[in-house]
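1. just to be clear, the model below is a prediction. Sequence and coordinates:
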Amino acid sequence: MFQKNEEMKSEQQYIDLFQTNRNVIDSGCAEGLNRSRQQAFDRFRETGFPRFQSEDYRQTDCQALFGENFGMNLHKFKIPARLQDTFRCDVPNIATRQYFMVNDLFHSTGHETKEEKQGIFSGSLNVFAQQYPEVFAGYYNQLPTATDGLSNFNTAFVQDGYVLYIPAGVVLEKPLQLINLLTGRVNALVNRRLLIIVEDGAQAKLLICDHTSDIKRRFLVNQVCEIFVGKSALFDFYELEESSEQTVRMQSVYLSQQTASNVMVNSVTLTNGHTRNNYSIALEGEQAALKLYGMAILDGEKVVDNHTLIEHKAPHCQSDELFKYVLDDASTGVFSGRIIVEKDAQKTQAYQHNRNLCTSPSCRMYAKPQLEIYADDVKCSHGLTTGQLDENALFYMRSRGISEAEARMLLKFAFMDDVIEGIRLDILKDRLKRLVEKRFRGELMHCQGCRGRS
């Protein structure tokens, strides 16, 4: 157990909260959710939150972030939200339907059952666990989270979330969209869980948008997302964060890919406070293919900390990883990427690139690309560059009558182009180009998705 000293104060308040309110936490939740709590709590009590300035957490202090006084909605009170009247999505007309999470509870709009004609489930985690207990038990909390204090905290306290289940052979032609909305009258800790199952031969695309409707409140989001992609399945997973300076977002994504599966993961941070993304991805079947892309635009004192682990466990797999940052003011960017090619993973192709643009002397970028190769017949590479805007390009553009501000904006936009072009969803790609341009012009300084704020 971690040392009982000043560092354990942030953990102890949650240990006491869990032990005092265990019946409240269990109440109204499916047996499948409750079954995993005790083991996860015991692991959390043993390990605590990740240690600040440890190898993987040099710039994100979980003890300090979780040590603040946040409320938790353990009684699952419904937060009033007329979403269709108050919310305007920044990526309109992208989905057959929009699904909503309000803080950490799924918000039913009454149309979830319409997806069930093809056996698809898109809705509440708690409802799915009750209606499909065998499927739920086969996937929920099955990925390696034992040593992750954030994931164990999530499993111990989770009461609801979102599930996307695509049965074998079902092709979902149009993308789905999940909107995570933070709102409330008090500072809140939001404990959210996502479970995505794309069975053999199935195809789906999901866009997740994170928004904060009350920019005056502080929110701490602890989100765990488990993704299972079966044999010959195709899945696109897009994330767009437009939150607030008062929002801390901690996310752990676990992805398992089987034989000949094809997955795109693309994470875009446009506005935020402090963001930490953990990606743990295993290519477990031959000829699995992965694209893991990300971008972050930072100013003020914002932080984006991306930590990735890609494990090649089978032969003939391919991974392509690209993360880009544009930093201004006193912002901080972190990229730690690790690719492991195991002994039997011959004929692997693995490529990792991190490119960073620092436009202020006060910003900081910390980067650590890593390759561990235990096979002898592979093609692997990694690259890292951190620099400033090209002065020659600026001079050339200004000599053609373009203002300095416009020239800087155009160069920043061009720098992000290959991340945007990697998106396999045209309507999202086109919309994101406009949003990125607005962000660089200073026209997207906070969440644009909400018409009204409390």
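-> On my side now, so go ahead. In this text the structure is predicted, and so the values were computed from the model without any measurement. Numbers count the residues shown, from 1 in each chain.

2. and the residue nearest to Asn34 when sequence neighbours are not counted, what pLDDT?
-> Leaving aside its sequence neighbours, Asn34 sits nearest to Asp26 (CB to CB, 6 or more residues apart in numbering; 4.8 Å). Quick note: C-beta positions are derived from backbone N, CA and C, even for glycine. According to the prediction, Asp26 has pLDDT 97.

3. give me the phi and psi for Asp26.
-> Per-residue torsions, Asp26: phi -70, psi -30 (degrees, to the nearest 10).

4. so what's the residue count around it?
-> 14 (other CB atoms under 10 Å).

5. I'd say Ile427 and Lys174 touch.
-> No - with contact defined as CB atoms under 8 Å, Ile427 does not reach Lys174; the gap is 10.1 Å.

6. which one's more surrounded, those two?
-> Counted by other CB under 10 Å, Ile427 and Lys174 do not tie: Ile427 has more neighbours, with 15 against 11.

7. what sits against the closest residue in space to Ser261 that isn't next to it in sequence?
-> Distances taken as CB to CB, 6+ apart place Val229 nearest to Ser261, at 4.5 Å, with adjacent residues excluded. Val229 is in contact with 198, 235, 255-258, 261, 263, counting by CB atoms under 8 Å, 6 or more residues apart in numbering.

8. ok, so of the residues you listed, who is nearest Ala282?
-> Nearest to Ala282, judged by CB to CB, of these is Ser256 at 5.4 Å.

9. doesn't Ala288 make contact with that closest one?
-> No - in this structure, Ser256 is not within contact of Ala288 by CB under 8 Å, at 9.7 Å.

10. where does this structure dip in pLDDT?
-> 1-8, 81-90, 92-93, 110-117, 145-146, 445-454 (pLDDT under 70).

11. look up how far Thr359 lies from the residue lying farthest from the centre of it.
-> Using CA atoms, centre = their mean, the residue of the chain lying farthest from its centre is Ser399. It sits 41.7 Å away. Separation of Ser399 from Thr359 (CB to CB, to the nearest Å): 21 Å.

12. could you measure from His135 over to Leu195?
-> Wrong residue type there; residue 135 is Val, not His. Val135 is 10 Å from Leu195, by CB to CB.

13. find the residues that touch each one of these two.
-> Phe128.

14. who's more crowded, these two?
-> Leu195 (23 against 19).

15. does the more buried one touch Tyr140 like I think?
-> Yes - Leu195 is within contact range of Tyr140, at 6.0 Å (criterion: CB under 8 Å).

16. tell me the SS of Val224?
-> strand (DSSP: H, G, I helix; E, B strand; the rest coil).

17. give me the three-state assignment for the nearest residue to it once chain neighbours are set aside.
-> Nearest residue to Val224, sequence neighbours excluded (CB to CB, 6+ apart): Asn154, at 4.4 Å. Classification of Asn154 by three-state DSSP places it in helix.

18. which residues does Asn154 contact?
-> Contact partners of Asn154, counting by CB under 8 Å, 6+ apart, are 40, 191-193, 222-224, 252.

19. try it again with 10 Å
-> With contacts defined as CB atoms under 10 Å, 6 or more residues apart in numbering, the neighbours of Asn154 are 40, 44, 104, 141, 145, 148, 161, 191-193, 222-225, 250-252.

20. and the residues you listed, which of them are in strands?
-> 161, 191-193, 222-225, 250-252 (DSSP state E).

21. what's the farthest-apart pair in these?
-> Gly161 and Met250 (14.9 Å).

22. and the residue nearest to Ser261, how close does it get to Glu239?
-> 16 Å.

23. what about the nearest residue to Gly67 once chain neighbours are set aside? Give its phi and psi, please.
-> Take Gly67 and drop its neighbours on the chain: the residue closest to it by CB to CB, 6+ apart is Ser10, 3.7 Å away. Torsion angles at Ser10 (phi, psi; degrees, to the nearest 10) stand at phi -70, psi -40.

24. how about the longest helix belonging to the chain: buried residues?
-> In the chain, taking DSSP state H as the definition, the longest helix is helix 426-440. Of the residues in helix 426-440, 428, 431-433, 435-437, 439-440 count as buried by neighbour count, 16 or more other CB atoms under 10 Å.

25. columns distance to Gln388 on top of these, output as TSV?
-> Listed next are these as TSV, based on distance: CB to CB, whole Å:
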residue	distance to Gln388
Leu428	30
Arg431	29
Leu432	25
Lys433	23
Leu435	24
Val436	19
Glu437	21
Arg439	19
Phe440	16
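
26. now do the helix or strand where Ile297 lies: distance to the chain's middle.
-> Per DSSP states H and E: Ile297 is located in strand 289-298. Distance, stretch centre to chain centre, for strand 289-298: 11 Å (CA atoms, centre = their mean, to the nearest Å).

27. partner strands of it, with direction?
-> strand 262-271 (parallel), strand 318-327 (parallel) (DSSP bridges).
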